[in-house]
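Undergrad: here are the coordinates; sequence isn't available:
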């Protein structure tokens, strides 16, 4: 609010404030900006620097005590907000051999992208899936889910994954509900692979009815996604901005795997020098393979496997690579698309 | 964060904070609550108390200087946030005889609900509509719009309307763009009533294509809405929670008039003692006719014509009336519905 | 099949015919034509010539005995097929004062377009509507419906309407079901105008759920449709092919009033010389007001009020008028659109 | 029409017939039946009896001369109609080593289900796919397509597939267009497997836009479909009517592979004694593996691999098996579903 306000206006503003009123004309330009001014800034988390801290969390607290042993990746300009960017949450979750992260459900949608370690499992609504690096797994809104890891004797090893959630969005919408399952582990009533067999082969059960926007597949294995990218790389048709980029799909609708978050896997071939693009979506990237640089707004980040970086709304993004690189990413694109607020520019 | 943290944890938290990391387990319950904990509180603005302040704004600043001469209704627990509730903005706009509110457009969607005064106009994308109390008018996302009022000599009188916008939502989504029209008033290229003739009679132009979620009608006159309520009141079929409640519709899709806000008109007959309901939507009410009480959460508000009150997420709402009452309301229901986050309970 | 077949082929064809096989190569060009070859031909039914025959039907048989006293308009090249064109049925129904057409329902969708006479009623699922010339009324698939006419003493007069149904389509789809109501007249449980008040004012009941493709409005009064056309005529924006043409809409979806038939009302101003267009849809026209000529394929028809004419698939259509003319029409457009088979050309 | 008509009515009917009118009351019951009365009858084509005739067609005419060397399976009660049932066409196509079926396109949608032989190819819009028994391949409406078979020296062998088309439907809709490609073989511009890599792995190209109802995958390999059935068989969840039944899906929409035909693959385990169901859809079955009996209406058919049988609308269908059996099928379900005319009963 202007410092040089005439006294009469100041008196008026004081008076109306008593009635929970404020003058729009003093804040109009901030409320209705010419273009997006995200509070979040571009940022990178280098896995080489984090790995030891993640492993140390395993000594600081047990999974059982923590319920979810996760280090939240907080945007440097949003400290204490549990936000990697305006609508999105990101965290690195560690589960040690023999541990359980107990069963619960919440209206927040969650995705898991496996970063390191094999053999842990996620259970969703009665079916378990084994997790491997590069797998993309969903635990949709209001589905019971728990995680576990076999004991060392059974071959368990520390497993780390990236959690992506819409926590900040649901806070802003006042739409969060949560519930604990009466037991730590939910009962399993379908064999592993059952959902994928029903929905993963470009076929659906003949009586399947779409009830909500959640994908009925809950594990999209890296083996498949990588094979698709590999085939398309060989055909050589490369987008100048994105390389080869696919989005994960809900096979029952063709839509996004969950209503609030889109997910992508892209391959940038060795020597790629991408053009810059920008979008109103906010995107979190997790490096699966390879290295290169990401220029986001005024920042330039060198990335390597398992690093996480974030591109807030309307920041130009541009990639270059030293070797073949594979990036997983997630964004709030479905929210913007549903509300006619997605805007993109290829620069 | 707990005050009695062991020193080892505190040291660890300090260390990880340097890397923009924070421990989820200290905030999990706040981030993933059992049920919504809206920051906004139920509140009412009594028009009898505000009217003089609104009129005084006409002496404090001109419409031309203000661009939009509006008093923002700020939720008592969200001061300085331009929010009447989490996702919604509300303001009372005054336009005096002979004034113009200059033409601009923005990605924020806006609705106008006329509270007092006749004869001012709103222009949207080349067509003007004259405003009367009870009319519901939209200026959808990215449409050029300006307002004006005839000079006193031409019969102009002060006109006040309620502005409803999705400003806080677009701030959270980092999706705001705005632009000024090169002139104060946009050129008019269609006669008044043209849009309504094309789209308002349960018919559409044969080559109309739906391009976005915005209604092609931009004025829903009170005369029509009131007639519908009146007919239905006489049939006597009353909902125990809502009385007779209709939602405004985009006739080209059956959806909401705009993608981010739903609007409603309801009639509560004399002596109505409604049952309580709650919803994850946040709703702003404007009283058109009649009086009664609204019990919202722990609050009881006596309402009279032109009062504005707000019901945040998950607060039980219950109405009683002394005489026939008509309420206009708007909410963020389309956002919640699009994201599978709408939850309702009839108590 | 070719007359000059080698004997060996003839023997082969005889042999395979015993096994219910036939050689595609003898009929490929007929089965997969270069462009549509409709069996139906353009045709007109002049009301001046039909009226006496329609009235005579009232002496030939009673409504009660006939169940529906209708003269089917059969395409001259489809005799005995109850088809005015490939997918559509048209008939002129007469109901005399004091008569009832008893209540039944069927999966065939039906529309009524009132041609002559006032005061008869149609009841659909518990509500009656009074019929006036130019009104468009629907009795959707599987809805109970009956018709009646007040006695002469109560002001009843002979009423004639055009029935449009999808009978030939449902025959081809083997999807016809029918059932008689246990009584001649279904009970009435809602006052006249109730549906229109709920759905006709660009508002919907707040808890309305779309269950099928049928419009919840069942009477679209001419008074409204004519007013829309009149306003748009004055704005002067004329399509070179269609004049001013609106399609009737299901206000709950923006779609067609029923899933198998589209309906339209268009105004061709005095002196209109339209350009030719063609479409894969088949269209039946009923003249409401005015006169002119319709050139359809090789035919030229002079039309006057209450005449009915038909344009089969892919026949060029072109209109000229002597005076302001208003045409109602219905077509199988929704079927073609749903199956990606609609093709249009403006010539 | 009744034989005992009074002379006055007969005279009247004669008079109105001159005006292309006919009395509805004489045909109402036939036009609006109580339940479907399909003209088609249940029927089976035993491959053991047909195979030699199919192979003989290779000597009767060349693929080049025939354009498509196909024996049409005509319903016994619809001779000369090129219809296996009301809306559907079925044929057995033979292509010999070294032959080409030249490139063309048409608005009729076509599917190919490979019955016998390996190594022939189908090309669709610039990409070829190699055909193997059990593969389901589509050549959607208005896509260029040609077929070919390597020469004997290159390992070619006679290949037979079942063609399923919507020819009778498009005849009834007067919506058929066709065009020949200027050369026998269209140019190939994408490597085999390209479409599947883009769309087949539960991912889609990030900029894919849905333009029509056709699946972007055009080969659904039996290897995948069989694996899905095999997994689900082991989980043991069996539908009492259908066994394990999946429908093929358009991965970009969750809908059917083409707008006019649905396709299914089902496994009936050894000893299955299914319950009877009926539906308004008409279905053509092709036996992939195993044997059993199909009871359709009053008929009982023993089936073995490669047999084709048909179930017209509303005929009860019931399966029993001697050994594990796999059935492919296609039907007009999407047409009925789009028009709200699908009705099913589990008896």
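TA: Cool, the structure landed. What you are looking at is a predicted structure, and each value in this text was computed from that prediction instead of being measured.
Undergrad: Tell me how far stretch A:315-323 lies from the chain's centre.
TA: 19 Å (CA atoms, centre = their mean, to the nearest Å).
Undergrad: So for it, first residue to last residue, what's the gap.
TA: Stretch A:315-323 has an end-to-end distance of 25 Å (CA to CA, to the nearest Å).
Undergrad: anything in that stretch near chain D?
TA: No: residues of stretch A:315-323 contacting chain D under CB under 8 Å from any CB of the partner chain: none, with a closest distance of 13.5 Å. All C-beta atoms are positioned from the backbone trio N, CA, C, and that covers glycine.
Undergrad: Residues touching that stretch, excluding its own?
TA: With contacts defined as CB atoms under 8 Å, 6 or more residues apart in numbering or on different chains, stretch A:315-323 is touched by A:38, A:42, A:243, A:268-278, A:283, A:290-297, A:311, A:325, A:347.
Undergrad: and these, which are buried?
TA: For these, a burial check counting by 16 or more other CB atoms under 10 Å in any protein chain shown picks out A:38, A:42, A:243, A:268, A:272, A:274, A:277-278, A:283, A:290, A:292, A:294-296, A:311, A:325.
Undergrad: List the ones among those that fall in strands.
TA: A:268, A:277-278, A:283, A:292, A:294-296, A:311, A:325 (DSSP state E).
Undergrad: What parts of the stretch 51-200 of chain A come near chain C?
TA: Counting by CB under 8 Å from any CB, the stretch 51-200 of chain A has no residue next to chain C.
Undergrad: returning to that earlier point: tell me the one among the buried ones among the contacts of stretch A:315-323 nearest to residue B:119.
TA: Nearest to residue B:119 among the buried ones among the contacts of stretch A:315-323 is residue A:38, at 41.9 Å by CB to CB.
Undergrad: pretty sure the closest one is touching residue A:87, no?
TA: No: counting by CB atoms under 8 Å, residue A:38 stays clear of residue A:87, with 10.4 Å between them.
Undergrad: Just give the nearest non-adjacent residue to the residue of the stretch 101-250 of chain A found nearest chain B, would you?
TA: Residue nearest to chain B within the stretch 101-250 of chain A: residue A:174 (3.5 Å; CB to the nearest CB). Among residues not flanking residue A:174 along the chain, residue B:313 sits closest, at 3.5 Å (CB to CB, 6 or more residues apart in numbering or on different chains).
Undergrad: where does the one you found fall, helix, sheet strand or coil?
TA: With DSSP: H, G, I helix; E, B strand; the rest coil as the basis, residue B:313 sits in coil.
Undergrad: average model confidence for the host helix or strand of residue A:195?
TA: In the assignment (DSSP states H and E), residue A:195 maps to helix A:194-199. Averaging pLDDT along helix A:194-199 gives 96.
Undergrad: Could you give the separation of that helix from the chain centroid?
TA: Worked out by CA atoms, centre = their mean, helix A:194-199 lies 24 Å from the chain centre.
Undergrad: contacting residues around it?
TA: A:127, A:204-205, A:208, A:215-219, A:251-252, D:227-228, D:231-232, D:235, D:246.
Undergrad: switch to 7 Å and redo it
TA: A:127, A:205, A:216-219, A:251-252, D:228, D:231-232, D:235 (CB atoms under 7 Å, 6 or more residues apart in numbering or on different chains).
Undergrad: Then stretch A:329-339?
TA: Outside stretch A:329-339, the residues within contact range by CB under 7 Å, 6+ apart are A:87-88, A:111, A:164, A:169, A:256, A:259-264, A:280-285, A:342, B:173, B:175, B:259-260, B:335, B:338-339.
Undergrad: anything in the helix or strand bottoming out on mean pLDDT in chain A sitting right up against chain B?
TA: Using mean pLDDT, DSSP states H and E, helix A:63-66 stands out as the lowest-scoring helix or strand of chain A, at a mean of 91. Yes: applying CB under 7 Å from any CB of the partner chain, one finds helix A:63-66 touching chain B at residue A:66.
Undergrad: which is the next helix or strand following that helix?
TA: strand A:70-73.
Undergrad: and whichever helix or strand comes after that following strand, what other elements does it pack with?
TA: Scanning forward in sequence from strand A:70-73 by DSSP H and E, the next helix or strand is strand A:89-95. Of the remaining helices and strands, those touching strand A:89-95 by 3 or more CB pairs under 7 Å, 6 or more residues apart in numbering or on different chains; DSSP states H and E are helix A:47-60, strand A:70-73, strand A:159-165.
Undergrad: To residue C:303, which of those lies closest?
TA: strand A:159-165 (64.6 Å).
Undergrad: And that closest one, how far out from the chain middle?
TA: 9 Å.
Undergrad: And that strand, what's buried?
TA: A:159-165.
Undergrad: Closest to chain D out of those?
TA: For those, the nearest to chain D is residue A:164 (17.1 Å; CB to the nearest CB).
Undergrad: you'd agree that closest one is up against residue A:264?
TA: No: using CB atoms under 7 Å, residue A:164 is not in contact with residue A:264, being 11.8 Å away.
Undergrad: Settle this for me: residue A:252 is touching residue D:254, isn't it.
TA: Yes: between residue A:252 and residue D:254 there is a contact at 4.5 Å, judged by CB under 7 Å.
Undergrad: List the residues that contact the residue nearest to residue A:174.
TA: Counting by CB under 7 Å, 6+ apart, residue B:313 touches A:174-175, B:36, B:38, B:86, B:280-282.
Undergrad: Spell out for me which residue occupies the centre of chain A.
TA: What sits nearest the mean C-alpha location of chain A, by CA atoms, centre = their mean, is residue A:164, with 3.3 Å.
Undergrad: Against residue C:63, how distant is that residue?
TA: Look at residue A:164 and residue C:63: by CB to CB, to the nearest Å, they are 68 Å apart.
Undergrad: Give me the neighbour count for the residue lying closest to residue A:332 once chain neighbours are set aside.
TA: Nearest non-adjacent residue to residue A:332, counting by CB to CB, 6+ apart: residue A:87, 4.4 Å away. Residues lying near residue A:87 (other CB atoms under 10 Å in any protein chain shown) number 27.
Undergrad: How confident was the prediction at residue A:87?
TA: Predicted confidence (pLDDT) at residue A:87: the value is 91.
Undergrad: mean confidence for stretch A:242-260?
TA: Mean predicted lDDT for stretch A:242-260 stands at 98.
Undergrad: repeat for stretch A:153-165
TA: On average, stretch A:153-165 scores 97.
Undergrad: that older thread, for the residue of the stretch 101-250 of chain A closest to chain B, list the residues it contacts.
TA: B:36, B:38, B:86, B:280, B:282, B:312-314.
Undergrad: Which one of those residues sits in the busiest neighbourhood?
TA: That'd be residue B:282 among the contacts of residue A:174, by other CB under 10 Å, with 30 neighbours.
Undergrad: Report the spatially closest residue to it, excluding sequence-adjacent ones.
TA: residue B:85 (4.0 Å).
Undergrad: now swap in residue A:73 and tell me
TA: That would be residue A:90: by CB to CB, 6+ apart, it lies 4.4 Å from residue A:73.
Undergrad: I'd assumed residue A:74 was in contact with the one you found.
TA: No: judged on CB under 7 Å, residue A:90 makes no contact with residue A:74 at a distance of 8.9 Å.
Undergrad: quick one: low-confidence ranges for the stretch 51-200 of chain A?
TA: For the stretch 51-200 of chain A, no stretch is flagged by pLDDT under 70.
Undergrad: Show me which residues of it sit near chain D.
TA: Near chain D, when you scan the stretch 51-200 of chain A using CB under 7 Å from any CB, you find A:190-191, A:193-194, A:197-198, A:200.
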